[in-house]
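quick one: sequence and predicted model below, then my questions.
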Amino acid sequence: DGGITQSPKYLFRKEGQNVTLSCEQNLNHDAMYWYRQDPGQGLRLIYYSQIVNDFQKGDIAEGYSVSREKKESFPLTVTSAQKNPTAFYLCASSPSPGQGYEQYFGPGTRLTVT
Amino acid sequence: AQKVTQAQTEISVVEKEDVTLDCVYETRDTTYYLFWYKQPPSGELVFLIRRNSFDEQNEISGRYSWNFQKSTSSFNFTITASQVVDSAVYFCALSEGFKAAGNKLTFGGGTRVLVKP
C-alpha cells in the first residue's frame, strides 16, 4: 500500500533534549512538508522540500531542522531551542511542488516535552 | 499575505440535519487553489476537494457539496443529511500563486463538527 508513515505515534521527551521525528513516503512524490498543529488551531508550515537535497523554511522554522537525503524520507528534528515543542506534528507529501497539487498527510506524531 | 478564515469554531447538529461550513480567504494572486480537508479523531488529514480560481462551478459529491464565490472570496462546504461519521474537524486551505514555489498551503483554524445521534 502506498502512503506516508510517521513514527512513533506518541513521543515523550525531557526538556533540553533534541528529538527526531520520522517521515517516510512510498508514493514517489517530489515534495514533502512538515506542519505543526496546536490544540484547537490550524496547521502551520515548519519546513518544506521540493526536491532531494533541498529544503526551505516555512512560517515557523525557528528551533527546528530537517534533511532530505533521500526522496522518500524527510525527518524533522525538534531542537532544544524550540521554546514550545509540545504539539501534534504532521508530515505531508505532494506529487510535485507545483501549485495546485493536493497534499497527502501521514497519521502524525504527538510530541510531549516535560 | 494570504489568509484563510473559518469563523465557526464548532458546530453541533443532530443526525440527518444539514450543516454548512464557512470559509473566507484573502489573496492578491489571480491564480490560486482552494482545498478542504477532513481531520477525524485519528488525526490524519483526508483530502476532500480542490478548486482553482478560474472554476466557479459548484460541485457535489454524494452528501458533500461546495459553493465557490469569487465575488465574496468564499468557498463554503455543506454536508447534507449529516451522519455520526461526519464528526471531525474540517479545514479550508489556500495555495499560493505561481510566483511562489513549493505549493505551500495556508490553513484556516478549522471547524469542529459534532453530529449527535
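That came in fine, so what should we check first? Numbers count the residues shown, from 1 in each chain, chains lettered A, B, ... in the order given.

what helices or strands is the lowest-mean-pLDDT helix or strand in chain B leaning on?
Every helix and strand in chain B was compared by mean pLDDT, DSSP states H and E; the lowest is strand B:59-61, with a mean of 87. In terms of contacts (3 or more C-beta pairs under 8 Å, 6 or more residues apart in numbering or on different chains; DSSP states H and E), strand B:59-61 is packed against strand B:46-52, strand B:64-69. C-beta coordinates here come from the backbone N, C-alpha and C atoms, glycine included.

shouldn't residue B:71 be within a helix?
Yes. The assignment for residue B:71 (DSSP: H, G, I helix; E, B strand; the rest coil) places it in a helix.

which SS state does residue B:109 fall under?
Classification of residue B:109 by three-state DSSP places it in coil.

name the element the most centrally placed residue in chain A belongs to?
Centroid-nearest residue in chain A, with C-alpha atoms, centre = their mean: residue A:34, separated by 2.9 Å. In the assignment (DSSP states H and E), residue A:34 maps to strand A:31-37.

quick one: strands adjacent to that strand?
Here strand A:31-37 is paired, per DSSP bridges, with strand A:43-51 (antiparallel), strand A:87-94 (antiparallel).

quick check: residue A:108 touching residue A:90?
Yes. In terms of C-beta atoms under 8 Å, residue A:108 counts as a neighbour of residue A:90; the distance is 4.8 Å.

which of the two has more neighbours?
For residue A:108 versus residue A:90, the count of surrounding residues by other C-beta atoms under 10 Å in any protein chain shown is larger for residue A:90: 26 against 23.

contacts only, for the closest residue to residue A:89 other than its chain neighbours.
Closest residue in space to residue A:89, ignoring its immediate chain neighbours: residue A:109 at 4.9 Å, by C-beta to C-beta, 6 or more residues apart in numbering or on different chains. By C-beta atoms under 8 Å, 6 or more residues apart in numbering or on different chains, the residues touching residue A:109 are A:6-11, A:21-22, A:88-89.

quick check, nearest of those to chain B?
Closest approach to chain B among these (C-beta to the nearest C-beta): residue A:88, at 6.5 Å.

does the closest one touch residue A:37 like I think?
Yes. Residue A:88 is in contact with residue A:37 according to C-beta under 8 Å; the separation is 4.4 Å.

mutual contacts of those two, please.
residue A:108.

neighbour-wise, which of those two wins?
Neighbour count, other C-beta under 10 Å: between residue A:88 and residue A:37, residue A:37 has more, with 22 against 17.
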